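In: I'll drop the sequence and a predicted model, then ask my questions.
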Amino acid sequence: MIYLPDTMINWPWPRTINPHFEDVKAEVDASFRDFKALSPKSQEAFDKCDLEHLRISCDMMNLFFLFDEYTDIENEAVTKQMADIVQDALRDPHKIRPEGECILGEITRQFWARAIQSASLSSQRHFLEVLTPDLHGVVAEALDREQGHKRSIEDCLKLRRYTIGLKPSLPIYEMGMDLPDEVFHHPLIMNLTECITDLVVIDNDMMSYNKEQAAGNEDHNMVNTAMFELGLDIGGAMAWAAHYHSEVQKRFIDGLAKVPSWGPSVDVLVKEYLDGMAMFARASHSWHYESHRYCGTRGLEIQQTRLVPLLPKANRESV
């Protein structure tokens, strides 16, 4: 059995859900199925996973998950090709995609064509700015996988901060506001962003480790990296991850008290943005247990017991 420490028990932001979620989810799911981007079996599993801005954020999450699903099994060359397709569709969302191209191109085009109709110009600019290095990170991960390269804890965390896809997700909280560049790029705000990124990475890797080790795809998982570098067993690595998570939480909350003022009108936006950022960490943590991606139908049970059966490596068809 694997014991999963409860990393978010003291996180001040409680679980909440958008009251319009179910209505928007039904609309998004219906349009996503039209792409036929997944096999029937994969689509069935996928489904278990401001109204307009909520719709855009749901489209974005679908795109990110599909990009992750497609590239997880590819080599560097194919992954780079897919990343280039996504970037090209973002550069010109009105251009008809080439016939026979990977469906990622059309999904990206439709997502971005919709987003730019209502998202603020600053949020559009920030999204494009932070997405590019994340795409490059996924390509680097594919090369590591192709070459069997194992990274140190420090290097793995640096890469995971890109491959987790957190930074391009945060502009959803500024779609309806004009967040100044001087705020977005302020060293303290960037440090707080990195804190949330690390929280999401650690929670994700603690939850995904079981599935990834069974599939033989655990080299870019922080739990596995800690086991490899520090000579820990699974329990020790989970404890290490939980301790790091706790340290980062404290760094984030301490940092909030040091956020400077940009004047009353901007400070209101900054607080909303940072609250959204903190809620993303909570949402990601809750999603791991409430979706079926890593725990199947037992997520809520596992959230209570904190125990999950270790999957055998030979049982790869079931993961």
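Out: Received the coordinates, thanks.
In: what does stretch 200-215 rub up against?
Out: Here stretch 200-215 makes contact (C-beta atoms under 8 Å, 6 or more residues apart in numbering) with 2, 4-5, 7-8, 157, 160-161, 164, 166, 218, 221-224, 234, 238, 241-242, 244-245, 248, 280-281, 284-285, 288-289, 294-295, 308, 310-313, 315-316, 318-319. The way it works is simple: take the backbone N, C-alpha and C, and place the C-beta from them, glycine included.
In: ugh, wrong one, stretch 220-227
Out: 141, 144-145, 150-153, 156-157, 159-160, 163, 201-202, 205-206, 208-209, 212-213, 218-219, 232-234, 236-238, 240-241.
In: and these, which of them are in helices?
Out: Among the contacts of stretch 220-227, DSSP state H puts 141, 144-145, 153, 156-157, 159-160, 163, 201-202, 205-206, 208-209, 212-213, 234, 236-238, 240-241 in helices.
In: now a ChimeraX select for only the buried ones of the residues you listed.
Out: Burial among the ones in helices among the contacts of stretch 220-227 is assessed by 16 or more other C-beta atoms under 10 Å; the matching ChimeraX selection reads:
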select :141,144,145,156,157,159,160,163,201,202,205,206,208,209,212,213,234,237,238,240,241
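In: is it true that Y289 lies in a strand?
Out: No. Looking at Y289 with DSSP: H, G, I helix; E, B strand; the rest coil, it is helix, so not inside a strand.
In: let me see the contact set for it.
Out: Residues counted as contacts of Y289 (C-beta under 8 Å, 6+ apart) are 207, 295, 299-300, 302-303.
In: and what of E101?
Out: Residues counted as contacts of E101 (C-beta under 8 Å, 6+ apart) are I85.
In: 10 Å instead?
Out: Applying C-beta atoms under 10 Å, 6 or more residues apart in numbering, one finds that E101 lies in contact with 81, 85, 88-89.
In: that one belongs to a helix?
Out: No. Residue state for E101 (three-state DSSP) corresponds to coil; a helix is not indicated.
In: would you quantify the distance from it to N62?
Out: 18 Å (C-beta to C-beta, to the nearest Å).
In: now swap in I103 and tell me
Out: On the measure of C-beta to C-beta, I103 and N62 end up 12 Å apart.
In: which one's more surrounded, these two?
Out: N62 (20 against 15; other C-beta atoms under 10 Å).
In: the more buried one against F111, yeah?
Out: Yes. The pair N62 / F111 is scored as a contact, 8.0 Å apart, by C-beta atoms under 10 Å.
In: now the strands for the protein?
Out: Ranges of strands within the chain are 2-3, 307-308, based on DSSP state E.
In: need those in TSV with distance to L188, mean neighbour count and mean pLDDT, can you?
Out: TSV is the format used below for the strands of the chain (distance: least, C-beta to C-beta, whole Å; neighbours: other C-beta atoms under 10 Å; pLDDT from 0 to 100):
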stretch	distance to L188	mean neighbour count	mean pLDDT
strand 2-3	35	16	95
strand 307-308	37	16	94
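In: figure out which of those strands is closest to I116.
Out: Smallest distance to I116 across the strands of the chain (C-beta to C-beta): 41.5 Å, for strand 307-308.
In: you'd agree H53 is up against G276?
Out: No. Counting by C-beta under 10 Å, H53 does not reach G276; the two are 11.1 Å apart.
In: mind listing the shared neighbours of these two?
Out: Taking C-beta under 10 Å, 6+ apart as the criterion, H53 and G276 both touch 172-174.
In: just those residues now: which is nearest Y70?
Out: Closest approach between those and Y70, by C-beta to C-beta: I172, at 22.0 Å.
In: thank you, goodbye.
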